[in-house]
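Chemist: here is a sequence with its predicted model. Questions after.
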Amino acid sequence: VGTMHQLGITVGILVSQALSTPSLNLLAGEGRWKWLFLVPVLCGLLEVIVLPFCPESPSYLYKTKGRDAARQALVRLQSEQVADRYLGYIQEEIESSSSDNNGEQGITVLQLFAERKLRKQLIVGVVVQLMMQFSGIDAVFYYSTKVFYQADVADPELATTCLGIINVIVTIFAVKYMDSAGRKTLLKYSWVGMLTSYVFLTASFVLKLSLIHI
């Protein structure tokens, strides 16, 4: 569920890029661009229709409706064979959380920063999120068309859409091999690839400026 969420984001970005690419003649025309605002409405409508058929979170059901309701959701999400095992994990997690917080549900932000057992996980999570922003992914999608235009690409909008295709393909690869290859391995090699790409990108712009001045 977590990885498909990210895949859905990349597919959504690609769809918006494709619909707004003039050379593809979809919804990017002078009189048609207004219809683009209906696309999120359709997506929201689809979610409203589908959501009632999705099971509730087993952890939420365990806390609010009891063990049997949580088990039924686990059977729908997983299978009859593994439902009891996952139910045990949920029970242990809830009991551990309750004992660590003296019977209080949840944990405050100050308690999170003060808890030594969670400090390493907190640092790793924060660093990964920061690296995602520092990677420049937002700048790539916000300014890619302008960058392609400055690089004299024949169709900058279409090039941006192709960039979205690459984004989806890489996300599919990550979803497929995340558990087998390991998250640490994927992060390490993706950061190396990102660093290499930025070196070549920077070098190409510098060389282009040098050739212009010559």
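Modeler: Structure's in. What do you need?
Chemist: and Ala18, how many residues sit next to it?
Modeler: 19 (other CB atoms under 10 Å). Where you see a C-beta, it was placed from the backbone N, CA and C, and this is true even at glycine.
Chemist: can you check Ile90 too?
Modeler: Ile90 has 20 neighbours, counted by other CB under 10 Å.
Chemist: that one reaches Tyr62, doesn't it?
Modeler: Yes - the pair Ile90 / Tyr62 is scored as a contact, 5.3 Å apart, by CB atoms under 8 Å.
Chemist: mutual contacts of the two, please.
Modeler: Common contacts of Ile90 and Tyr62 (CB atoms under 8 Å, 6 or more residues apart in numbering): Ala70.
Chemist: the helices in this protein, which residues?
Modeler: Counting by DSSP state H, the chain has helices at residues 2-19, 38-50, 58-64, 67-77, 80-100, 109-114, 119-134, 137-150, 156-181, 183-213.
Chemist: tell me the contacts of the nearest residue to Ile165 once chain neighbours are set aside?
Modeler: Distances taken as CB to CB, 6 or more residues apart in numbering put Leu14 closest to Ile165, at 6.2 Å, once the chain neighbours are dropped. By CB under 8 Å, 6+ apart, the contact set of Leu14 is 161, 164-165, 167-168.
Chemist: now, of those residues, which are buried?
Modeler: Buried subset of the contacts of Leu14 (neighbour count, 16 or more other CB atoms under 10 Å): 161, 164, 167-168.
Chemist: got a markdown table for the residues you listed, with pLDDT too?
Modeler: A markdown table is the format used below for these (pLDDT from 0 to 100):
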| residue | pLDDT |
| --- | --- |
| Thr161 | 93 |
| Gly164 | 92 |
| Asn167 | 90 |
| Val168 | 93 |
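Chemist: from these, which is closest to Val206?
Modeler: Nearest to Val206 out of the buried ones among the contacts of Leu14 is Asn167 (CB to CB; 25.7 Å).
Chemist: related to what we said a few turns ago, for Asn167, see how far away the residue nearest to Ile165 is.
Modeler: Remark: distance between Leu14 and Asn167 (CB to CB, to the nearest Å) = 7 Å.
Chemist: also His5?
Modeler: Taking CB to CB, one finds His5 at 15 Å from Asn167.
Chemist: residues in contact with the spatially most central residue of the chain?
Modeler: Residue closest to the average C-alpha location in the chain (CA atoms, centre = their mean): Gln6, at 2.8 Å. Residues near Gln6 by CB under 8 Å, 6+ apart: 171, 174-175.
Chemist: next one: Glu56
Modeler: 69, 73.
Chemist: what residue ranges in this structure score low on pLDDT?
Modeler: For the chain, the stretches flagged by pLDDT under 70 are 1, 98-106, 211-214.
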